[in-house]
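Engineer: prediction below, plus the sequence it came from.
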Amino acid sequence: MTSLQPELTYPAAATACALVGSVFDVKSRRIPNFVTMPAFLFGLALHLALGGWRQLLSSLAAGLICAAVFLVFYIAGGMGAGDVKLILAVGCIAGLSHVAYLLVLTALSGGVMAIVWAVVRGQLQQTIVNVGELASHHRHAGLQPHPDLNLKNAATLRLPYALAIAGGSILTLYFQFQ
């Protein structure tokens, strides 16, 4: 293989993983472990096969970085554990050289998706108020979940965030061609 092929293989495989996770998230609002755990192991094995032990360790670091970022949002009550496990798997598959793109583009995808979702649901103004309330709450309470604005409250507007992870993965793959 040439050096360019792994650079496309990794984000392409990560995108496939994120898309599978998205299907489950949209249909059932859950991302099952039988998707994330094999994907995580696949990412490690792929990097080992294409780049050796150093690449495997780099892949593990990529997944842990991604998971650590998402874990903050999980602890704060704004994200499910399935999203954290999915980004861990997608990060492992994508590899360390793609982590910055993956995280930034996933955040941008999630932001756009949140705005569109709020507009479609007629809740943009309330969503903006809620973002301010969350910022104020977390400034004073740290990572403690907001008493009302969290995933446990069925009335809150929720996003299948695996779609944002898939969007970030697709865009990461796209930018490999640029």
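Structural biologist: Good, I have the coordinates. Numbering: from 1, shown residues only.

Engineer: so where's this protein uncertain?
Structural biologist: 1-4 (pLDDT under 70).

Engineer: next structured bit after the helix ranked longest in it?
Structural biologist: Ranked by residue count and defined by DSSP state H, the top helix of the chain is helix 33-75. Toward the C-terminus, helix 33-75 is succeeded by helix 81-94 as the next helix or strand (DSSP states H and E).

Engineer: chain center to whichever helix or strand Leu134 is part of, what's the gap?
Structural biologist: With elements taken from DSSP H and E, the one containing Leu134 is helix 124-141. Centroid separation between helix 124-141 and its chain, computed with Cα atoms, centre = their mean, to the nearest Å, is 22 Å.

Engineer: please apply the same query to stretch 86-94.
Structural biologist: That offset, for stretch 86-94, works out to 8 Å (Cα atoms, centre = their mean).

Engineer: mind giving me the packing neighbours of the helix holding Leu134?
Structural biologist: In terms of contacts (3 or more Cβ pairs under 8 Å, 6 or more residues apart in numbering; DSSP states H and E), helix 124-141 is packed against helix 99-120. C-beta here means a position set from N, CA and C on the backbone, and glycine is covered the same way.

Engineer: please identify the buried residues of the helix it packs on?
Structural biologist: The neighbour-count check on helix 99-120 (16 or more other Cβ atoms under 10 Å) flags 99, 101-103, 105-106, 109-110, 113-114, 117-118 as buried.

Engineer: what's the distance between Ser59 and Phe177?
Structural biologist: 22 Å (Cβ to Cβ, to the nearest Å).

Engineer: looking at those two, which is more packed in?
Structural biologist: Ser59 (26 against 6; other Cβ atoms under 10 Å).

Engineer: so the more buried one sits against Leu50, correct?
Structural biologist: No. Using Cβ atoms under 8 Å, Ser59 makes no contact with Leu50, being 9.8 Å away.

Engineer: hang on, the earlier thing: contacting residues around whichever helix or strand comes after the helix holding Leu134?
Structural biologist: Once the chain leaves helix 124-141, the next helix or strand it forms, by DSSP H and E, is helix 162-176. With contact meaning Cβ atoms under 8 Å, 6 or more residues apart in numbering, helix 162-176 is reached by 7-8, 11-12, 14-15, 17-19, 21-22, 24-26, 31, 82-83, 86-87, 90, 94, 98, 101-110, 112-113.
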